[in-house]
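K.L.:
quick one, fold the following:
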Amino acid sequence: MKLEQNDWKKLQIPLAILGGIVVVVVVCIVFAQQYKADQEQALLTQQNQLNAARQRYQSSGLEKEIITEFLPQYQALINKGFVGEERRIEWVERLREQHKNHKLFGIKYSIKQQEKYTPAFATNLGGFTLSRSIMQFELDMLHEGDLLQLTESLSGANAAALILRDCEITRLNEGGALSAQLTANLHAQCELDWLTLREPATIQSVVGP
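P.N.:
This next block holds a predicted model:
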């Protein structure tokens, strides 16, 4: 069928309306697809936030259980002076007390300034800072057992942590046998490390002194 010019003029308006409708439909389809993609992304973001919140909640519960379980042992370490600020005066008093209890000969000692310490055996301190103060002391002894008594009593159950680094023992009466009398036969020069753990700020806010 052949359309005349008048027929095309009559179809111009319907064709324009149809074209407009097609354009509107295409725009609606594109908008709907974009809206669906945005909603899917928003849903995924909410799911991720929910999972993260659930993990934080579970983690906080686990941390609370760990704190509750180990708090007594941790508090014991604080009471001993191993965790927290250095208690140098208490160390000196304990040294004097044990020296007096064992009725040892005179002792001379000095304590160096505290410094950060990174030993080979401590690979993961969980945010704690390990420090040490080096103590040097000299002690006259009747026999080697005097030194053992002193160091064992200093590292007892309720004492701060220490590591005996080095000891040099020399005989006072060269060439003679050890005397059983109450006179010094040996002289010891020793160094030991007094160790202290400094708490991370997050733990300081949870555990009081």
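
K.L.:
only C-alpha atoms for contact and neighbour calcs from this point on.
P.N.:
Fine.

K.L.:
run through who's touching stretch 99-114.
P.N.:
131-141, 146, 149-150, 184 (C-alpha atoms under 8 Å, 6 or more residues apart in numbering).

K.L.:
so which of these belong to strands?
P.N.:
131-141 (DSSP state E).

K.L.:
mind listing the strands for this structure?
P.N.:
Counting by DSSP E, the strands of the chain are 107-111, 115-116, 129-141, 162-171, 186-198.

K.L.:
out of those, which comes closest to residue 82?
P.N.:
With C-alpha to C-alpha as the measure, strand 186-198 is the member of the strands of the chain nearest residue 82 (4.9 Å).

K.L.:
so what does that closest one touch, helix or strand wise?
P.N.:
For strand 186-198, the packing partners by 3 or more C-alpha pairs under 8 Å, 6 or more residues apart in numbering; DSSP states H and E come out as strand 129-141, strand 162-171.

K.L.:
just how off-centre is the longest one within its chain?
P.N.:
In other words, strand 129-141. Strand 129-141 sits 25 Å away from the centroid of its parent chain (C-alpha atoms, centre = their mean, to the nearest Å).

K.L.:
what angle do it and strand 107-111 make?
P.N.:
Angle, strand 129-141 to strand 107-111, by axes from the mean of the first three to the mean of the last three C-alpha atoms, to 10 degrees: 160 degrees.

K.L.:
what lines up beside strand 129-141 in the sheet?
P.N.:
According to DSSP bridges, strand 129-141 forms sheet pairs with strand 107-111 (antiparallel), strand 115-116 (antiparallel), strand 186-198 (antiparallel).

K.L.:
what does it contact?
P.N.:
Contacts for strand 129-141 (C-alpha under 8 Å, 6+ apart): 104-118, 147, 184-200.

K.L.:
I'd like the average pLDDT over it.
P.N.:
Mean pLDDT, computed over strand 129-141, is 87.

K.L.:
same deal with the last one?
P.N.:
Rounded to a whole number, the mean pLDDT of strand 162-171 is 85.

K.L.:
residue 84 contacts residue 78, correct?
P.N.:
Yes. Look at residue 84 against residue 78 with C-alpha atoms under 8 Å: they come within range, at 6.3 Å.

K.L.:
what about the helices in this structure?
P.N.:
Assigned by DSSP state H, the chain shows helices spanning 5-80, 88-101, 144-154, 201-204.

K.L.:
now mean neighbour count and distance to residue 18 too, for the strands of the chain, in JSON lines please.
P.N.:
Listed next are the strands of the chain as JSON lines, based on neighbours: other C-alpha atoms under 10 Å; distance: least, C-alpha to C-alpha, whole Å:
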{"stretch": "strand 107-111", "mean neighbour count": "13", "distance to residue 18": "97"}
{"stretch": "strand 115-116", "mean neighbour count": "13", "distance to residue 18": "83"}
{"stretch": "strand 129-141", "mean neighbour count": "20", "distance to residue 18": "78"}
{"stretch": "strand 162-171", "mean neighbour count": "14", "distance to residue 18": "92"}
{"stretch": "strand 186-198", "mean neighbour count": "20", "distance to residue 18": "79"}
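
K.L.:
and residue 33, which of these is closest to it?
P.N.:
Once the strands of the chain are compared by C-alpha to C-alpha, strand 129-141 is nearest, at 55.9 Å.
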